[in-house]
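Chemist: could you look at this predicted model? Sequence included:
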Protein chains: 2
Amino acid sequence: MTFTSHMDRALDEARKAGARGEVPVGAVLVGADGAVLAAAGNRTRELHDPTAHAEILVIRAACAAAGSERLPGAALYVTLEPCAMCAAAIANARIARLVYGADDPKSGGVAHGARVFAHPQCHHLPEIHDGIAGTEAAALLRDFFAGRRTGRDPTR
Amino acid sequence: MTFTSHMDRALDEARKAGARGEVPVGAVLVGADGAVLAAAGNRTRELHDPTAHAEILVIRAACAAAGSERLPGAALYVTLEPCAMCAAAIANARIARLVYGADDPKSGGVAHGARVFAHPQCHHLPEIHDGIAGTEAAALLRDFFAGRRTGRDPTR
């Protein structure tokens, strides 16, 4: 599987999240053997859980299934630059590779703001690939927020 | 209730976490009206969940109970400086006040490393009080890790 096919799946999760009225961000976690371990979109509103970002949901699901707090060799595909919370969770889970789509200058914590992986305190630095299907991921978010501003139902 | 009494409860949660073989960190979340909304210690090992830090557990529990992603007016008491993941979750949940015990130069994300609240991208800055019962909180952690290094069962 290529970067693109896993990111296509993450984009599909993002679209499904948007259809549920959630901010359209999706993530897929892939094991060292290439098998998909978990896929999810944001569910912060549905679950009343500010930590239920797509990245956290796939990490929690895959760790529960593996019976381990760590996922060595795993790759996380996510449509948007992770925030500081998710970036630190990625480090905590020892994920080997992070592939993300759109930059997030407003809330990102990888290339912006807290730059979680850029400090000596960060216990684990994944290999990072950015800008994979970034245009499509950004368009999903732009359309979602434009719909909310104009009062148009973004889920249609 | 004073800072100290809530921190005493957090220290008790930390001790219980250590007795379960978890890193001894405890947290208490208090509502705007002073009522305790949730209390927890680390459960990362038990739950196979790298996000199951004490802070995340109390935020998720209190948000689920409140039916809201946000806890305006709430105060979080935690025995150790939050890591970047927990600091960003505290911002996401719009927690009004963060009171913590021991500094964590190795993994902290408030006064060290990513310094999550110190960036313009941080959407919410809580009032922060550090060093509350810090000596006791640090001693719990020191004893726990000393026990692990010497092979002594730290849960006894």
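Modeler: Happy to help now that I have it. Residues are numbered from 1 along each chain as shown, chains lettered A, B, ... in the order given.

Chemist: need the residue closest to the centroid of chain A.
Modeler: A:Val78 (3.4 Å; C-alpha atoms, centre = their mean).

Chemist: could you look up the SS state of it?
Modeler: Each residue gets one of three states, and A:Val78 gets strand by DSSP: H, G, I helix; E, B strand; the rest coil.

Chemist: what sits against it?
Modeler: A:10, A:25-28, A:54-55, A:86, A:98-101 (C-beta atoms under 8 Å, 6 or more residues apart in numbering or on different chains). Using the backbone N, CA and C atoms, a C-beta is placed for each residue, glycine as well.

Chemist: now the helices for chain A?
Modeler: Here chain A has its helices, by DSSP state H, at A:3-19, A:44-47, A:54-66, A:84-92, A:134-150.

Chemist: quick check, the second one touching chain B?
Modeler: Yes - looking at helix A:44-47 against chain B by C-beta under 8 Å from any C-beta of the partner chain, the contacts come from A:44-45, A:47.

Chemist: cool, stretch A:56-66 as well?
Modeler: Yes - with C-beta under 8 Å from any C-beta as the measure, stretch A:56-66 is seen reaching chain B through A:56, A:59-60, A:63-64, A:66.

Chemist: emit the ChimeraX select command for whichever of those residues are buried.
Modeler: To isolate the buried members of these in ChimeraX, using 16 or more other C-beta atoms under 10 Å in any protein chain shown:
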select /A:56,59,60,63
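
Chemist: closest one to B:Gly18 out of the residues of stretch A:56-66 next to chain B, please.
Modeler: Nearest to B:Gly18 out of the residues of stretch A:56-66 next to chain B is A:Cys63 (C-beta to C-beta; 21.8 Å).

Chemist: for chain B, state which of the contacts of A:Val78 is nearest.
Modeler: The closest of the contacts of A:Val78 to chain B turns out to be A:Cys86 (C-beta to the nearest C-beta; 7.9 Å).

Chemist: isn't the closest one right up against A:His53?
Modeler: Yes - with contacts counted by C-beta atoms under 8 Å, A:Cys86 reaches A:His53, the gap being 5.3 Å.

Chemist: mean pLDDT added to the helices of chain A, as TSV?
Modeler: Formatted as TSV, those follow (pLDDT from 0 to 100):
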stretch	mean pLDDT
helix A:3-19	95
helix A:44-47	98
helix A:54-66	98
helix A:84-92	97
helix A:134-150	90
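
Chemist: what's the most buried one of the ones you listed?
Modeler: Neighbour counts (mean count of other C-beta atoms under 10 Å in any protein chain shown) averaged over each of these peak at helix A:84-92, with a mean of 30.

Chemist: contacts for that one next, please.
Modeler: A:51, A:53, A:55-56, A:59, A:69, A:76, A:78, A:82, A:98, A:109-110, A:113-114, A:116-117, A:122-126, B:50-51, B:83-89, B:92, B:109, B:114, B:116.

Chemist: now with 6 Å?
Modeler: Here helix A:84-92 makes contact (C-beta atoms under 6 Å, 6 or more residues apart in numbering or on different chains) with A:53, A:55-56, A:59, A:98, A:109-110, A:114, A:116, A:122-124, B:50-51, B:83-85, B:88-89, B:116.

Chemist: now do stretch A:137-156
Modeler: With C-beta under 6 Å, 6+ apart as the criterion, stretch A:137-156 contacts A:14, A:18-19, A:21, A:24, A:79-80, A:101-102.

Chemist: excluding its backbone neighbours, what's nearest A:Arg94?
Modeler: A:Arg70 (4.4 Å; C-beta to C-beta, 6 or more residues apart in numbering or on different chains).

Chemist: likewise for A:Leu57?
Modeler: Nearest one to A:Leu57, counting by C-beta to C-beta, 6+ apart, is A:Ala40 at 3.8 Å.

Chemist: tell me who's in contact with A:Val99.
Modeler: Contacts of A:Val99 (C-beta under 6 Å, 6+ apart): A:3, A:77, A:129, A:132.

Chemist: my guess is A:Glu127 meets A:Ile95, correct?
Modeler: No - using C-beta atoms under 6 Å, A:Glu127 is not in contact with A:Ile95, being 9.6 Å away.

Chemist: more neighbours: which of these two?
Modeler: Using other C-beta atoms under 10 Å in any protein chain shown as the criterion, A:Glu127 and A:Ile95 rank with A:Ile95 on top: 26 against 10.

Chemist: now do that one against A:Ser5, distance only.
Modeler: 19 Å (C-beta to C-beta, to the nearest Å).

Chemist: cool, and A:His53?
Modeler: For A:His53, the distance to A:Ser5 equals 22 Å [C-beta to C-beta].

Chemist: again, but for A:Arg149
Modeler: From A:Arg149 over to A:Ser5 (counting by C-beta to C-beta), the distance is 33 Å.
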